[in-house]
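Peer 1: Give the three-dimensional model of this entry:
(chains A, B and C)
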Amino acid sequence: MEALRKKARELLEGKAAAVVIGYGEGSGGKARAVFIRQPDKAATLILDDRCVQNLAVYLVKNEVKSLGKAAVVAQPSTLRTILQLASENQLTDGLVMALAVNNGQVLELTSFHAIEEYLNTAVPPSEAPGKARGLSAEDRAAVAKIEAMPREQRWQFWVNEFSRCMKCYACRAACPMCYCTKCVIESNQPQWIPVAPTGIGNLEWHIVRAMHLAGRCLNCGYCVEACPVGIRLNLLTQMLTDEIGGDFGAEAGFTAKREYALSMFKPEDKEDFIR
Amino acid sequence: MADFEPKIIAFVCNWCTYAGADLTGTSRIKYATNVRMIRLPCTGRIDFMFLLKAFAQGADGIMISGCHPGDCHYTAGNFHARRRWIVFRRLLDFVGIDTRRIRFSWVSAAEGAKWAEMVNTFAEEVRQMGPYKDICKLDESQLQPVGA
Amino acid sequence: MEKKILKKQSLGALFDAIKAGGRRLLGPVEKDGRTTYEEVSSPAELAKDYIQTTTSAKSVVFPACEEIVRWQNEGHDVKVADLKPQTTPTVVFGVRPCDAASFAILDSVFSWDYNDEFFRRRLENTTIIGLACTKSDEYCFCTSVELNPGDTRGSDLLLTPIDGEQYLVEIVTDKGKKLVDAAAKLFTPAGNESKEKVLAKVPVKFDQKKLTAKLPALFPKENAWVDQSLACLGCGACAFVCPACVCFDIQDESGRNGGTRLRCWDSCGFSLFTLHTSGHNPRPVQSQRWRQRIMHKFSYFPERLSHLGCVGCGRCSRACPADMNLVEHLSALVEAADGQ
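Peer 2: Have a look, this model is predicted:
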């Protein structure tokens, strides 16, 4: 933590960054995102187990971009998000610096390539670079539990989950990959997805959002954190991550090159349901 | 259930399946009248939202059909579609939507008989499954305000 | 104000009497770490130990989505069904005094220049059984906005648990009296039991009068607003959980056979909230939208409607995924005003 504060201070004093985005003490004993612009405020940065919010969501906001070059305290999910955003041309190489903290040392990752290298060597679980890392055992078990239910039970489970949805779109606002300036929900000629927080509207919203994230989601879990009524959205995106990893050997956020599974294909893709 | 005639929406590509269905007609092969065809230039044009909309508006079954892989009029449209369906179908299944009610096929412009067979078989299967009310009736219970 | 005593063990009988009268009964129910208002039949279903519910009771009078008109196409004709609001008499149990006070805020907007019948009919048919607070947390700030944990405003009956066995019942309105009369034998006259001893002590956290007076001068100070709002995601959760937020959007959804006009909750935090059809947006950045939220609740409301637009329930801060703590921000604004 001290090393991080020192680094942040250095960067700001030397004008290497205009703002350091990191974590600070929040209310209720939680950590919150902080935007340090004065060197002496660098002492308020913290880094511990509470710091899980994916800060990359701020990198695509105009208000933050307009502050200048940003250095962001990067947990593995944030690093992956930066690469995924880079692969989608949402970030400019050299204008974002990631500060990765490993074993008490702060590494300045100043280019997408540097982040790629770091992720492929230093971040567990260690599998051969380029291969899909997949879900943790815990996540896989949660997905499997749903899949084990008979279809009607699964349907009821999801209808119940979605019935709490108030269409506040906190899930969308919290997600760094939801950066479309005109979201599909805002399309009203035609109104693809009903705005009403009722049965069909909620079902379609969550299915469409999951599909738009398929192959792009970094599984940071911020969408579930943000949801005021705790809908288990991450089950959908995790299942899809698993699917895309299994079928196409692709997983988001390990390279700055575009490898979006749904904009590519292989003639030998296999399926068993097309007659 | 004896009088139930399923409503089936078929999203088909113009160059292969639609032409194939035309051939079915010109060959005077009879097939189930349950199907409503929606013609698109290519299966690659089919947004997965079309399927959701079809179910939301009361379809009991959906068919999606296009050119065989390698034969797409636009070279790769059906390859993209294939990937999309692989992912979407798993999502639908995960959410508990009845994927038996969605039939995917490759039907070329020469396969008039195959089209008829696909439609007849599918229409019978859906007839046996009964009407699909899960999605289109969702709103009815929820538009009345419940508690808080 | 007439006072009575209700034994806690009689709560079940009270619920029965309420439901026997054909009323819908809602109460706070805990599930998966969240407390929300659901239909209940017995006190056993109620959340045992909650400071505040996750979502407010405002959807009882102002639902998240309400159909206000429905139409059907019949040949060349259009048949319009003028929908009447649901008027099932409803009793909401366990409403905190801050939430109870919020109904007046909603009412002032819905009767300001147009009498909103949908809201009005629902409010008329709703009885509020308030539950005074014996505990508070760091997010509560009712005492900073002219309320307190035992305030009777907005409740038809206010229950204060004066010990482990009984509630002090204050009969605030005629509606409350009707409810008591419907189960009269459950209530015994009160002596001079005081609720002050058990009420939560919520310290005043900022000078609201000063804030309201200084806000207009703070309006053009961009930096103050930008600093506060950098972390804001514009997600809308705060407006949706807030009992006093009343903004809505009207949307028509129609097909070939007909359609429906819906009134749904909206949030000034959404980037599209003020987007014009021309493409111009008078509040294009989050700092201006954040400023709007504060100004609306603490400056425009008192200016136009003589009361605040906030009841200090703290839900916005609890629900915010970016931990935008309202008390912190308001205190910072008062300080900024001091520096003027």
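Peer 1: Quick one: name the residues of the stretch 51-200 of chain A near chain C.
Peer 2: Neighbours of chain C within the stretch 51-200 of chain A, by C-beta under 8 Å from any C-beta of the partner chain: A:53, A:57-58, A:61-64, A:164, A:166-170, A:172-174, A:186, A:188, A:191, A:194-198. Just so you know, the C-beta spots here come from the backbone N, C-alpha and C atoms, and that holds for glycine as well.
Peer 1: Of these, which are in range of chain B?
Peer 2: Okay, of these touching chain B (C-beta under 8 Å from any C-beta), that's A:Ala196, A:Thr198.
Peer 1: now the residues of the stretch 51-200 of chain A next to chain C: which count as buried?
Peer 2: A:53, A:57-58, A:61, A:63-64, A:164, A:166-170, A:172-174, A:186, A:194-198 (16 or more other C-beta atoms under 10 Å in any protein chain shown).
Peer 1: The residues you listed in strands, which ones?
Peer 2: The members of these all map outside strands under DSSP state E.
Peer 1: Cross those residues against helices and list the overlap.
Peer 2: A:Glu63, A:Val64, A:Ala170, A:Arg172, A:Ala173, A:Ala174 (DSSP state H).
Peer 1: Backbone dihedrals for the residue lying closest to the third one once chain neighbours are set aside, please?
Peer 2: Think A:Ala170. Spatial nearest neighbour of A:Ala170, excluding adjacent residues (C-beta to C-beta, 6 or more residues apart in numbering or on different chains): C:Cys235 at 3.7 Å. The phi and psi torsions at C:Cys235 (degrees, to the nearest 10) take the values phi -80, psi -20.
Peer 1: what's the pLDDT at C:Cys235?
Peer 2: The model reports C:Cys235 with a pLDDT of 89.
Peer 1: how's chain A carved up into domains?
Peer 2: Chain A is divided into the following domains under automatic domain parsing: A:2-122, A:137-263.
Peer 1: From one end of the first one to the other, what's the distance?
Peer 2: So that's domain A:2-122. The straight-line separation of the ends of domain A:2-122 (C-alpha to C-alpha, to the nearest Å) is 21 Å.
Peer 1: any idea how far B:Arg103 is from B:Asp60?
Peer 2: 12 Å (C-beta to C-beta, to the nearest Å).
Peer 1: now the helices: where do they sit in the stretch 151-275 of chain A?
Peer 2: A:151-163, A:170-174, A:199-213, A:222-226, A:233-248 (DSSP state H, counting those that start in this stretch).
Peer 1: buried residues in the last one?
Peer 2: Read that as helix A:233-248. For helix A:233-248, by 16+ other C-beta under 10 Å, it's A:233-245, A:247-248.
Peer 1: ok, it near chain C or not?
Peer 2: No: judged by C-beta under 8 Å from any C-beta, helix A:233-248 and chain C are separated, with a smallest distance of 12.7 Å.
Peer 1: got the angle for that helix vs helix A:151-163?
Peer 2: 130 degrees (axes from the mean of the first three to the mean of the last three C-alpha atoms, to 10 degrees).
Peer 1: Next one: C:Glu170 from C:Pro28, what distance?
Peer 2: Taken as C-beta to C-beta, the span from C:Glu170 to C:Pro28 is 20 Å.
Peer 1: same deal with A:Arg151?
Peer 2: Counting by C-beta to C-beta, the gap from A:Arg151 to C:Pro28 is 34 Å.
Peer 1: who's more crowded, the two?
Peer 2: A count of neighbours by other C-beta atoms under 10 Å in any protein chain shown puts C:Pro28 above the other of A:Arg151 and C:Pro28, at 25 against 15.
Peer 1: List the buried residues in the helix or strand harbouring the more buried one.
Peer 2: Using DSSP states H and E, C:Pro28 sits in strand C:24-31. Neighbour-count burial for strand C:24-31, counted by 16+ other C-beta under 10 Å, picks out C:Arg24, C:Leu25, C:Leu26, C:Gly27, C:Pro28, C:Val29, C:Glu30.
Peer 1: Could you give the number of residues near the nearest residue to the first one once chain neighbours are set aside?
Peer 2: Read that as C:Arg24. Nearest residue to C:Arg24, sequence neighbours excluded (C-beta to C-beta, 6+ apart): C:Thr90, at 4.5 Å. Other residues lying near C:Thr90 total 22 when counted by other C-beta under 10 Å.
Peer 1: Hmm, C:Gly21 and C:Thr90 touching each other?
Peer 2: No: contact criterion C-beta atoms under 8 Å: C:Thr90 and C:Gly21 do not qualify, at 11.3 Å.
Peer 1: mind listing the strands for chain C?
Peer 2: So, for chain C - with DSSP E - the strands run C:2-7, C:24-31, C:34-39, C:65-74, C:77-82, C:90-95, C:126-131, C:157-161, C:166-171, C:187-189, C:248-254, C:258-265.
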